[in-house]
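Visitor: quick one, fold the following:
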Amino acid sequence: MGESTPRNDGPADKPSPRDEAQIRALLEEILETNKLPREVSGGDIVLERILEERLHRLRGVHAEMEAMFPTPVAGTSPTRRLLRDSFQSNDRLPEIPGYEVLDVIGTGGMGVVYRARHLKLNRLVAIKMVLLGAYASREDLECLLREAQNVAALRHPNIVQVYDVAEHDGFPYYSMELLEKGDLAQMLQGKPRPAKDAADLVRVLADAIHAAHLAGIVHRDLKPGNILLNEDQTTKIGDFSLSRRVELDSTRSTKVPRAGTPSYMAPEQAAGERNAIQPTVDIYSLGAVLYELLTGRPPFKAETSAETLQQVIHDDPVSPSQLNSRVPCDLQTICLKCLQKDPTRRYLSAADLADDLNRFLSGEPIHARPISFAERTFKWCRRRPAISVAMVVSVIALTGAITGGFWIQQLEHARHTEEIVRREGARKYITSSLPLLSQLVRSRQWSDAKGVLRTARTRLEDAQSSDLEIRLTAAAEEFEIAEELERIRQSFPEPNDAGYNYLPARDAYAKVFHRFGIGSDVEVKTAALRISESSLREELLMALDYAAFTENFNADDSELRRLLSMGRTAAPSHWQDRFRDPATWKDLPSLQRLVNDASTAQPPPLSHQMVMVGFLLSSLNHNHTAIEILREAHLRDPSDFWVNLELGHVLSHQNKNAEAIQYFRAAVALKPTHFVAWTWLGRAQLSNANSEAAIVSLRRAISLRPEYPTSWQILISALAASERWDEALAAQRDALAANSPIMKHEGTAAVLRLCRGRSAAAKQQWPLAVESYADAIAGGYAINTEVWFEYAAVRILADDATGHREVCTAMLDRCEKDNLRRFLVARACTLVRGTDQELARAAEEGMPELDLHAETFWSLTQRGALLCRQKKHREAIAVLEQSLRANSRPEDCIITWVWLSRANLSLEEEDAARMWLGQVNNLLDQSTTKPDGIHLHNWLEALTLRRELVATLADSAPVIKIN
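Guide: The predicted structure is shown next:
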């Protein structure tokens, strides 16, 4: 039951076609690194929302593919599997006219690349298509088409060549030359290359990218991973998915979305500036590639993307020669000129870069010059004006000391200058880190926030500011509280062997509330004021709701009332106040009114609140209304784990298992270690007649928590349903070895024997069925009337009339003691006509229950059967015909037909008897095994009566066919 932090900004704007490439690149990063949308959005809330919506769509595609082709793989990264597993199987390759698609080469954020053969030319090619197919947005399709058109416009030996751009089933694709020798990143593997090799390689790339620039195309994502290699190690630039035409972007606003890979992005790209779509960004990226070729690492690479971007924007790279002393001075100069922060100080064109690299390789003087000390000092002072002023003062003082010959004073001033520089730099860093840290906390970018906080703390000593220390301590406290609240929310409630355990969350929330100063010893009004004035207001309000929910299972509701009262006082609103009223949680009409008002409430209810309402409604057995509000919650927050899990759970209770599976799949994708979610998925799959998929899901659940008994019980049932009896018995032994409090050994064995008996009966394997049913009854099913009825029927069908009589006698004798269902006892006794005494006893036991449901189909049919066995055939026919008017479903009516045939034959009305028996045969003779639509009891009773009828008609013509 999770919830995204509520925000006050408007709805996410629809991305323009040009911005779509950024979304694709960030989705690629999410899939590659398992990061969350908020961790890659750079604090852009609108972008974060778009990423969340798009990622949900990818999960929806995955869920639908899994429903059709269930292929769970244990041990695979779940986020990665969301999309890519569906396209890695060669069984699902597309059929493209003119090509034989051979296999999948790879997948990216929005595209999938196939190896294919051009049939007419007999040439191997690569084909790139939109990964989502029919689920792709218009922007996805436009992006792929634009990429294809951009690359197709280029003709250069070091740019991947496009052969054809076309459509298949309305979706664009393009074919290009196939390069199968990896990429530059794979070749480097963190090791420096010889200087001349590095220079020559980048010269080739610069020539190629200059050709693209002349065509008006900026690549914007040059990096080793996008530099491909062919058989003879020739390098070719690929993946133009982020490319842009310069002239198309001349009217853009002063800010553009970030796009690219942080370690290779130009500073203006990292900052989202207007000139981020200019050839100079590619020149910077070529410098970054050259830097990595020389040193074995990119110029900037921090622990997180946010920290890397900060370095790219604000820091100067370490000179390559400091990392590799063998880097020639001229080549270092070329490299650092490419990496200038100011785009105007880089090479004016990629051709100029290629020319200087060619000069270096030929031993000629290069045009670029090392940055002078004065120039470096000027740039440094311009970026740090406060520090530079302090240095000027110090230099003046130092000059006076020199002219006066006071060398000791000179050294003192130098030290003082260094302290000023260090102090002012630290203060500036910490001051700028505080709002960034707050923004990262609000967007739940925990890893980035930790990195910023860690670095800021290391600079505190240099800053020498008590004010900054106080502010940073408060920010760190806010971060720690927010992170702990998120940790509790993510683990709420903790699954255990019995299902769920709310106590850990309840205790954890109590500790955080005490730490924040809103514990149980604080007055409600005081606590509410602290919450409303806090920058963590929304997080704390959500935590109050969760904490109150944990108290809902406590007999003492005083703490529940206090927590809800705090929420009402801190954030009053009409819908929220009613939700936070303790009386509402136990009152069905009040909960229903919340559901009715949820779609129009302002401010709108949060998704975790709607999930709680759905849970409360479900606990009151009002699943239909629960589904209504859970669907609303899912529309608002489709990527929330608890929304998906609870919606799937309620749907499965309504026997809507096919739909429930979709939400369970989303849940396990969001929390792949949640064994209860895997168990519920397996149960829904089994109920949806997909035992093989259920077995995979349940084994995954057991691998996560072997002690959870429900997983074992459903797994054994699924194995039995698949008739994998040996595996089912092995699972039973494994459950005992895992100390799972599963059913007793004998009881579990009885379950398996019953399943085997029912399977054998459905296949008309009567001796095996008799043996299995006998074992099941002896093992624990002696009080189950349904099992007794089935046992009685299979004894007849196994040609054991004596055994049937023994079973009926046992049922009549145990009827009172074991509270057997009278209706089924009577039904078993009428399968074959016994003695008048037995028949009277069966009628005496069964009639009271039949009278309670006198007008139902089942009651009328069984009443007709009793009348028939009592030789009241005319009366039996009237009652049986009445039952047909109550139910016209053939799979049920088959037993009515067979009794009508029996009654008419007893009256020597052979034509009518054959007519009714013909209808029975039409249904039964469709298969030698039990059809799926017919209940096992109906199947057994129809077979039993038909056998009796055929024997009676054996001397008449035509002979009745029977299996």
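Visitor: wait, isn't Arg705 in contact with Thr673?
Guide: No: using CB atoms under 8 Å, Arg705 is not in contact with Thr673; the gap is 9.3 Å. All C-beta spots, glycine's among them, are computed from the backbone N, C-alpha and C.
Visitor: so the two - more neighbours on which side?
Guide: More crowded of Arg705 and Thr673, by other CB atoms under 10 Å: Arg705, with 19 against 12.
Visitor: excluding its backbone neighbours, what's nearest the more buried one?
Guide: Spatial nearest neighbour of Arg705, excluding adjacent residues (CB to CB, 6 or more residues apart in numbering): Phe675 at 4.1 Å.
Visitor: so where does Lys236 fall, helix or strand?
Guide: Assigned by DSSP states H and E, Lys236 belongs to strand 235-237.
Visitor: correction: the previous question concerned Ala954.
Guide: Applying DSSP H and E, one finds Ala954 in no helix or strand.
Visitor: which residue is nearest the centroid of the protein?
Guide: Ala669 (2.9 Å; CA atoms, centre = their mean).
Visitor: how much space separates that residue from Trp642?
Guide: Separation of Ala669 from Trp642 (CB to CB, to the nearest Å): 14 Å.
Visitor: one more: Gln490?
Guide: Taking CB to CB, one finds Gln490 at 10 Å from Trp642.
Visitor: same question, Val312
Guide: Counting by CB to CB - Val312 and Trp642 are separated by 38 Å.
Visitor: and the helix or strand harbouring Glu419, how far out from the chain's middle?
Guide: Element membership of Glu419 [criterion: DSSP H and E] is helix 407-442. Distance, stretch centre to chain centre, for helix 407-442: 44 Å (CA atoms, centre = their mean, to the nearest Å).
Visitor: can you start the count at 248 instead of 1 from here on
Guide: Got it, the first residue is 248 from now on, which makes the last one we talked about helix 654-689.
Visitor: quick one on the thing from earlier: the residue nearest to Arg952 reaches Thr957, doesn't it?
Guide: No: using CB under 8 Å, Phe922 is not in contact with Thr957, being 9.5 Å away.
Visitor: quick one, which of those two is more surrounded?
Guide: Phe922 (23 against 20).
Visitor: mind listing what the more buried one touches?
Guide: Phe922 sits next to Pro742, Ala948, Ile949, Leu951, Arg952, Tyr955, Ser958 when contact means CB atoms under 8 Å, 6 or more residues apart in numbering.
Visitor: what number of residues lie near the last one?
Guide: The local packing count at Ser958 equals 29, with neighbours defined by other CB under 10 Å.
Visitor: check the fourth one too.
Guide: For Leu951, the neighbour count with other CB under 10 Å is 19.
Visitor: could you measure from it over to Thr926?
Guide: From Leu951 to Thr926 the distance is 9 Å (CB to CB).
Visitor: pLDDT below threshold where in the stretch 648-797 of the chain?
Guide: Along the stretch 648-797 of the chain, the parts satisfying pLDDT under 70 run over 648-663, 695, 740-746.
Visitor: where exactly do the strands run in the stretch 448-597 of the chain?
Guide: Per DSSP state E, counting those that start in this stretch, the stretch 448-597 of the chain carries strands over the ranges 464-465, 474-476, 482-484, 491-492.
Visitor: what about those strands, which gets the closest to Ser288?
Guide: Of all the strands of the stretch 448-597 of the chain, strand 491-492 sits nearest to Ser288, with 20.4 Å by CB to CB.
Visitor: pull up the pairing partners for the closest one, direction included.
Guide: The pairing partners recorded for strand 491-492 under DSSP bridges are strand 464-465 (antiparallel).
Visitor: what's the following helix or strand after the lowest-mean-pLDDT helix or strand in the chain?
Guide: Between all helices and strands in the chain, the lowest mean by mean pLDDT, DSSP states H and E belongs to helix 325-335, at a mean of 40. Per DSSP H and E, the first helix or strand lying C-terminal to helix 325-335 is strand 346-354.
Visitor: quick check: buried residues in the helix or strand that comes right after that following strand?
Guide: Downstream of strand 346-354, the next assigned helix or strand under DSSP H and E is strand 358-365. Under the neighbour-count criterion of 16 or more other CB atoms under 10 Å, strand 358-365 has Gly358, Val359, Val360, Tyr361, Arg362, Ala363, His365 buried.
Visitor: one more: stretch 1136-1152?
Guide: 1139-1152.
Visitor: sort out which of those are in helices and list them.
Guide: 1139-1152 (DSSP state H).
Visitor: among the residues you listed, which two are most distant?
Guide: Spanning the widest gap among these are Asp1139 and Leu1152, at 21.7 Å by CB to CB.
Visitor: can I get whichever strand or helix holds Val858 as PDB, trimmed to CA atoms?
Guide: Assessed by DSSP H and E, Val858 sits inside helix 854-866. Provided in PDB are the C-alpha atoms of helix 854-866 (Å, rounded to 0.1, in the frame of the first residue of the first chain):
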ATOM      1  CA  SER A 854      -3.500   6.000  -3.600                       C
ATOM      2  CA  HIS A 855      -2.400   4.500  -0.300                       C
ATOM      3  CA  GLN A 856      -5.700   5.700   1.200                       C
ATOM      4  CA  MET A 857      -7.800   4.200  -1.600                       C
ATOM      5  CA  VAL A 858      -5.900   0.900  -1.100                       C
ATOM      6  CA  MET A 859      -6.700   1.000   2.600                       C
ATOM      7  CA  VAL A 860     -10.400   1.600   1.800                       C
ATOM      8  CA  GLY A 861     -10.400  -1.300  -0.600                       C
ATOM      9  CA  PHE A 862      -8.800  -3.500   2.000                       C
ATOM     10  CA  LEU A 863     -11.400  -2.500   4.600                       C
ATOM     11  CA  LEU A 864     -14.200  -3.100   2.100                       C
ATOM     12  CA  SER A 865     -12.800  -6.500   1.200                       C
ATOM     13  CA  SER A 866     -12.600  -7.500   4.900                       C
END
